[in-house]
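Chemist: predicted model and sequence follow; I will ask about them next.
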Amino acid sequence: MERSEDQRNGAPDADETRAVAGRRRVLQLGAIGAATIVSVRPALAQTAVSVMTCEIPVPDPARASQYIAPDGTLVAPGTPGAVPGSATPFAGEDVRRALTQGGSLPGTSADQNEAYLNYIRRLQAGTGGFTCFASIQMPR
Amino acid sequence: MTPPTDRPSDTPVSYRAAAPGATIVTPLDSLYALYDRRSGLTQLVAQPVPAILSALAEGVATPGELQARLERDFAVEGEAGALAARLDELVALGLIERL
C-alpha cells in the first residue's frame, strides 16, 4: 500500500479526508443551464401546496367538458382518437411516478394515460393543477 | 456618461442578499417555499438556493468568497461554473443583487 507524503507527515490521509467530507451534508450546485427555481404567482400562492398530496385535474375544471387528444391538447367531445377527461383528479405523487418511472396513471388505459400525461406536460401557469405539476418537477 | 456602478472594470463582481426579514423561507419536505415580501412572489426552490442565500446573508461576497463559505459548511459538488449559473438565476429573479 503506498504511503502518501501527507501520511508520512502525520497529516490526514485521503481516506480520512473523505470520511470527514462524508460526515458533512453534500451541497449539489448542479449543472450550468439546469434551472432550479420555479416561480409561483401570488394568486396561486394562496393555496397550501404539498408535493405528496396535491392534485392535478385532467382537464382543469373550467374545461371539464372537452376531450383530450393523444398529444394532450383539448379538443371537442367526440373527436376521433381523443379521450374524455378523468372523472377524478390525479395525486401529485402518482403523476410524478408516471412521469419519472414511465408507469401509468392509476385507473387509466394506455390511450388515456398517454393523453393525460401529455396534457399534464403542457400545463401552464394559470391552469388548474399547474402549481402541483411545477412542484413535482423539482429535483430531489 | 458614467457607468451604472463606479466599480473599476477589473474588480471582481460581488453579490448581496436581500435584507434580513425581506424573505420568508419555509421548508416543504424536499423543497423550500421562499416568499419575497417586496414582490409578493413565492418561489419554490430546492437546495442549493437556501444555502446560497444563507451564505450571502453573512455579507456581500464575490463568487470565490461565496464558494469558500459554502465549502466551510458543506461538501460542495457540481459542475465548475454551476455556482455562477445559480447566482445568475437568483439575480434574474430579484432574490439577490449583483454589485
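Modeler: Okay, I see it.

Chemist: relative to residue A:109, how far out is the closest residue to chain B within chain A?
Modeler: In chain A, the residue that lies nearest chain B is residue A:29 (3.0 Å; CB to the nearest CB). Backbone N, C-alpha and C define where each C-beta goes, glycine included. Per CB to CB, to the nearest Å, residue A:29 is found 42 Å from residue A:109.

Chemist: give me the more crowded residue out of those two.
Modeler: Between residue A:29 and residue A:109, residue A:29 has the larger neighbour count (other CB atoms under 10 Å in any protein chain shown), namely 24 against 10.

Chemist: how much space between that one and residue A:73?
Modeler: Look at residue A:29 and residue A:73: by CB to CB, they are 37 Å apart.

Chemist: also residue B:61?
Modeler: With the distance defined as CB to CB, residue B:61 ends up 47 Å from residue A:73.

Chemist: ditto for residue A:79
Modeler: Using CB to CB, residue A:79 is found at 10 Å from residue A:73.

Chemist: which residue ranges form the helices in chain B?
Modeler: Assigned by DSSP state H, chain B shows helices spanning B:49-56, B:63-73, B:82-92.

Chemist: and if you look at chain A?
Modeler: Under the criterion DSSP H, chain A contains helices at A:5-8, A:14-23, A:42-45, A:92-101, A:110-121, A:130-136.

Chemist: show the average pLDDT along the fifth one.
Modeler: The predicted model gives helix A:110-121 an average pLDDT of 94.

Chemist: report the angle between it and helix A:92-101.
Modeler: Helix A:110-121 and helix A:92-101 are oriented at 100 degrees to each other (axes from the mean of the first three to the mean of the last three CA atoms, to 10 degrees).

Chemist: show me what helix A:110-121 is packed against.
Modeler: The contact analysis (3 or more CB pairs under 8 Å, 6 or more residues apart in numbering or on different chains; DSSP states H and E) places helix A:110-121 against strand A:67-68, strand A:83-84, helix A:92-101.

Chemist: tally up the residues packed near the residue in chain B that chain A sits nearest to, please.
Modeler: The minimum distance from chain B to chain A, using CB to the nearest CB, falls at residue B:78 (3.0 Å). Per other CB under 10 Å, the neighbour tally for residue B:78 reads 18.
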